[in-house]
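>>> Okay, sequence plus prediction incoming.
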Amino acid sequence: MRRLTVFSAALALAAVTAGCADTSEGGGATTPGDPADCFSQRPIELVVGYDAGGSTDVGARMMATALESKLDATINVVNRPGAGGQVGLTALANAQPDGQTMGTVNFPSAIVSVLDESRQAAYDRNSFAPIGLQVIDPSAVAVRPDSPIRTPTDLVEAALAAPGRLQATTTGPASNEHFVLLELERVTGATISPVHFSEGGAPATTAFLGGNVDLLLANVSDLTPMAANGEVRVIGVFGDERSPFLPDVPTFAEEGHDVEVASSRGYAFPAGTPQECVTAMSEAMGEVMSDQEFIRKMQDLGLAPSHKDAEAYAQYWTESTEVFETLLPLVRAER
Amino acid sequence: MDTFSDLLAGFAAALTPQNLVLALIGCVIGTLLGLLPGIGSTAGIAILIPLTFTLDTASAIIMLAAIFYGTAYGGTITSVLLNIPGEGESAITCIDGYEMTKKGRAGVALTIAGVGSFIGGTIATIGLVLAAEPLADLGLRIGPPEFFSLVIVGIALLVGLIGESVVTGLISASVGMLIAMVGIDPIAGLPRFTFGSAHLFDGVSFVPVLVGVFGLGELLANAGGTARRPSAPTLRELLPTRTDLRRAAPAIGRGTGIGFLIGLVPGVTNAISSLLAYSSERKISRYRSELGSGAVEGVAAPETANNAHANAALVPLFTLGIPTSPAIAVLMGAFLMNGLTPGPRLFVEEPLLVWTVIASLFIGNAILLLLNVPLVGLWTRLLAIPYPVLSALILVFIIIGSYAINNSIIDVYLMLFFGVVGLVFRRLNVPLAPLVLTLILGPLIESALRQSLQISRGDFSIFLTRPISLTLLIVAAVIVVSSVLGSRLKPQGKADLPTDATV
Amino acid sequence: MTESQVSQVARPTTPPPEAGDLTQDGARTQPRELAAAVAVPVLLLLLSVCVVIASAELGYWTPIGPGPGFLPLWLAVLLGAMSAVWLAQRLRARPAPPEPAEVAGISEDRAVEPHDEPLRLKQVFLVLGSLTAVTALLEVLGFQLAMLLFLLFQLKVLARRGWVLTLTLSALGSFGVYTVFAGLLSVHLPTSSIPLLRSMGF
């Protein structure tokens, strides 16, 4: 996700600036009792649990700008980075549930931090009122262009033939990529050894390109530019359908290996926020996500748009939690 | 010569009056932002990008490059004048830079830092122009085992940093590395020494620790006025003497080499380059015994290395499409905005844009030099503010700086705590340089060791069977052995030389 | 060549007295410093023992190499050993209770020291105390008000400046800095948690 980083924040920031201008021009009166009343009194704080300039931040700032004009409100983005989003989620869970504070929620970290008791999270699933989902970025696996492995089935067969022989990068223990390997083993019996790069994507990519590790595991958005350059060949995506960024690459599910792991980014209020505020925000987000111009801008920045409303997002949250509940014991077993 | 004419075209595109004015503005704004600790080049650029949005690509990139150099230099100014490191990469500059300031030689330190940055940055950019492809291959040869051995070389250089007092030096080093152990460990992914606080899961941030140990520690030591305070230098003292230049030249050369080579490795920060450059000076400089007490090499080497690193880091961007630092990612974003994907094909498809960017790096470096060296006099006037007033204002800035890095009050408390640590270390003559080195290098040892062993499936011989790794380990062994032998010989011949001053 | 070498060596061999020299003298003559000199190694020793115990729980070795507790354990052992040596050195260096000759030496200093040293510690505590207070207040009052109070205290009480300078600098350092960094440069600064103050823009 490093690819986007700071610059893209700028895009969003610029958009924010423009958005502010819009709001001041279009600023009309809201009638009392209007659901928008939730948000018109003072600025809404949008807590982003990641650094300014990261891809979560970029998406959040774009969303904030768009919501400002839809809701005729002011939204201030506040970055509270740390512990893979846990610091931001803690701040969100402890905020006043008055509709004035919302925050970003990233899977799997928001789920794993709750399930993994060593993280001692000060919140759980019930601490949040989901608003909606903005991005689903599936994991994918790439090989060097000269590799004989060409399809998901090739990979599974190669791993079955020599268990543990193949090695793949991850961005740390209990990361998305680690879960991919564990889930792949659970579903197909194929064992691939992880090499953990807790420092992030750049050192992992270097180790892969330098020939130290066989497979590069990353999000589709990270792999797309490298695939365009011909440095890597993406052989399979761990999504329920093909990625619009890599239309020629099959999913693992297509070939009968039903492994789906993705990072996703959505938004939530603290639990206890008035239902009409949640509904109003969720509806506004739905309108934003149906704007073709907005979708195109997201895609330009490598963000894969995927909208779910409050209800669907809550259900997705529950389903994802179940998946990670089955996988986490496997992580513990490796400790 | 094809490359040359491409570069000229790039310069032609970059050198319009409008672009030069933008570069100037960027440099000034960047320097001002860089004065604030915690807002380093990364955050500085992130904050200021909206300013560049109305501009065309070349202008935007030129302005961003200027902001980038400006913020980096702003951090140097506070390190040298006030002993407040803006970022990890300028922490080590505090040591000799501030000692020079205390001797009234702040102007010299700032001028040398500016000149060194210019030379390091320019040579690294020339390297990029001449041999991007082979250099990128070199960078990729540094896998986890090689990186582990490189960190071991850094640790071996610690012997030089420890100086005369082995006991306090090792205490400082082990405290630094223990601080670095805090956070989610890279092996099992379990929280380690975090006291249940999610704020500490990512480890203790460098900036509050460094600002506390250096900036606040110094202020507290001076609180009642027993320690010597810096004074504003006179105009004549601003310029380096011929001796300064002669001494700085080899340090700048070594700093360029170290920064350039390490900058080629994706994912390694410039703090590591500046630390290794400083440590090497402590080991091989002719004047190594003066380092720590205000030697010009102690400023020239790390400042040169960190700028050479920053420019060399563009090689992996242009050849592999890997942005090695957030600042580089900004430039990458400027490409993406134009529908271009950074990588090897870009040189073929959009040569003018690539060469404009490269030309703008030369220009950014030059503007930095032309703008900041004459301004050195102005910056040093800060020291003319009466100390009690100055210290109150510094306190405001170190609070903002510690807060701004993560928007967290906890970081401000951490900074206060490490201010007390800094005070105690100063009063008891415990050197600070080993702490900085292990604080920054420490976390890398564990990850690199673990990654290497995962690749080799637990076989430790991986460090010896790979040529680059083996070579680095031999270098480390030579450094340690020669230090031990050297210290045994030292007392006889050189007894009258000034001893290593502790910081 | 020789000429330049002479000048190069000449500068650093005659440095003005530095903080280091002062603290060393202080360590020899000030009982308070001596207490610190003993207390610090003892504290470090305790810290190292705690780390050893904590590391033991983390796992020392795994099938493919060192575990999470390996490095901290050995660092703590190193820290503990060095602290012990340091403590021994400090105890040995401790001068015997004042002998006549030394008393004479100290009493000469006393003309300055008794005023200087207690004041110094008082100043350190004042600075630290005010810093802790302003840090605690930042998210209660918001950046501007907390920093205004802090600067008034620093400049008027500690630095004893005139009102004009104090008020000007305090306003610039709080409201001015906030306007520049939060307003123009979009740096997020702490805001008040009290709804009333918040609605007033703090």
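Noted; the coordinates are in hand. Residues are numbered from 1 along each chain as shown, chains lettered A, B, ... in the order given.

>>> From now on I want contacts and neighbour counts done on CA atoms only, so please keep to that.
Noted.

>>> For the nearest residue to B:Ile84 once chain neighbours are set aside, grab the count of nearby residues.
Spatial nearest neighbour of B:Ile84, excluding adjacent residues (CA to CA, 6 or more residues apart in numbering or on different chains): B:Gly215 at 4.5 Å. By the criterion of other CA atoms under 10 Å in any protein chain shown, B:Gly215 has 28 neighbours.

>>> quick one: the helices in the stretch 101-250 of chain B?
Read by DSSP state H, counting those that start in this stretch, the stretch 101-250 of chain B holds these helices, from start to end of the chain: B:106-140, B:144-162, B:166-181, B:206-210, B:217-221, B:242-263.

>>> Out of those helices, the one nearest B:Trp355 is which?
Closest of these to B:Trp355 is helix B:106-140, at 8.8 Å (criterion: CA to CA).

>>> For the closest one, name the packing helices and strands.
helix A:201-209, helix B:57-82, helix B:88-102, helix B:242-263, helix B:297-312, helix B:314-320, helix B:351-381 (3 or more CA pairs under 8 Å, 6 or more residues apart in numbering or on different chains; DSSP states H and E).

>>> For B:Ile77, give me its contacts.
B:35, B:110, B:379 (CA atoms under 8 Å, 6 or more residues apart in numbering or on different chains).

>>> which stretches of chain C form strands?
For chain C, the strands defined by DSSP state E occupy C:61-62, C:65-66.

>>> Which of these has the highest mean neighbour count?
Among the strands of chain C, ranked by average contacts under mean count of other CA atoms under 10 Å in any protein chain shown, first place goes to strand C:65-66 (a mean of 18).

>>> Sketch out the low-pLDDT regions of chain A for me.
A:1-37, A:40-41, A:52-54, A:335 (pLDDT under 70).

>>> all helices of it, in order?
With DSSP state H applied, chain A shows helices at A:5-26, A:37-40, A:55-71, A:86-93, A:109-115, A:152-161, A:176-188, A:201-209, A:220-228, A:275-289, A:292-300, A:310-334, listed in chain order.

>>> which stretch among the ones you listed comes nearest B:Arg247?
Shortest distance between B:Arg247 and the helices of chain A, using CA to CA, is found for helix A:201-209: 36.3 Å.

>>> What lies in contact with that closest one?
Helix A:201-209 is contacted from outside by A:1-2, A:144, A:169-171, A:197, A:213-216, A:218, A:231, B:140, B:142-144, B:266-267, B:322-324, using CA under 8 Å, 6+ apart.

>>> Now go through the residues you listed and say which are in strands.
A:169-170, A:216, A:218.

>>> Show me which of those are buried.
Buried members of those, counted by 16 or more other CA atoms under 10 Å in any protein chain shown: A:169-170, A:216, A:218.

>>> Which of these sits closest to B:Ile179?
The closest of these, once distances to B:Ile179 are taken by CA to CA, is A:Thr170, at 25.4 Å.

>>> how far away is the closest one from A:Ala140?
11 Å (CA to CA, to the nearest Å).

>>> Now list whatever residues contact both of these two.
Any residue near both A:Thr170 and A:Ala140 by CA under 8 Å, 6+ apart counts here, and that gives A:217-218.

>>> ok, back up a step: mind putting the helices of the stretch 101-250 of chain B in CSV, mean neighbour count included?
Putting the helices of the stretch 101-250 of chain B into CSV (neighbours: other CA atoms under 10 Å in any protein chain shown) gives the following:
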stretch, mean neighbour count
helix B:106-140, 24
helix B:144-162, 24
helix B:166-181, 24
helix B:206-210, 28
helix B:217-221, 26
helix B:242-263, 23
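
>>> who wins for proximity to B:Val420 among those helices?
Here helix B:217-221 is closest among the helices of the stretch 101-250 of chain B (CA to CA), at 6.2 Å.

>>> Let me see the residues that make contact with the closest one.
Outside helix B:217-221, the residues within contact range by CA under 8 Å, 6+ apart are B:83, B:227, B:391, B:418-423, B:426-427, C:124, C:127.

>>> go again using 7 Å as the cut-off
If you take CA atoms under 7 Å, 6 or more residues apart in numbering or on different chains as the criterion, helix B:217-221 is touched by B:227, B:391, B:419-420, B:422-423, C:124.

>>> Could you dump the helices of the stretch 101-250 of chain B into CSV and include mean pLDDT?
Output for the helices of the stretch 101-250 of chain B, formatted as CSV (pLDDT from 0 to 100):
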stretch, mean pLDDT
helix B:106-140, 87
helix B:144-162, 88
helix B:166-181, 92
helix B:206-210, 87
helix B:217-221, 87
helix B:242-263, 93
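
>>> For the closest residue to B:Ala366 other than its chain neighbours, which residues are in contact?
The shortest distance from B:Ala366 to any non-neighbouring residue, by CA to CA, 6+ apart, is to B:Phe118 (6.7 Å). Counting by CA under 7 Å, 6+ apart, B:Phe118 touches B:365-366, B:369.

>>> By neighbour count, which of those residues wins?
Using other CA under 10 Å as the neighbour test, the contacts of B:Phe118 are led by B:Asn365, with 26 neighbours.

>>> While we're on that one, how confident is the model there?
Predicted confidence (pLDDT) for B:Asn365: 84.

>>> Against B:Gly120, how distant is it?
Per CA to CA, B:Asn365 is found 9 Å from B:Gly120.

>>> again, but for B:Pro374
Look at B:Pro374 and B:Gly120: by CA to CA, they are 19 Å apart.

>>> Listing request: residues of chain C with sub-threshold pLDDT.
Using pLDDT under 70, the flagged stretches of chain C are C:1-33, C:94-119, C:185-186.

>>> For the buried ones among the ones in strands among the contacts of helix A:201-209, give me TSV that also has distance to chain B.
What follows is these, written out as TSV (distance: CA to the nearest CA, whole Å):
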residue	distance to chain B
A:Thr169	10
A:Thr170	11
A:Leu216	14
A:Ala218	14
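
>>> from the residues you listed, which single one is nearest B:Phe206?
Closest approach between those and B:Phe206, by CA to CA: A:Thr170, at 24.9 Å.
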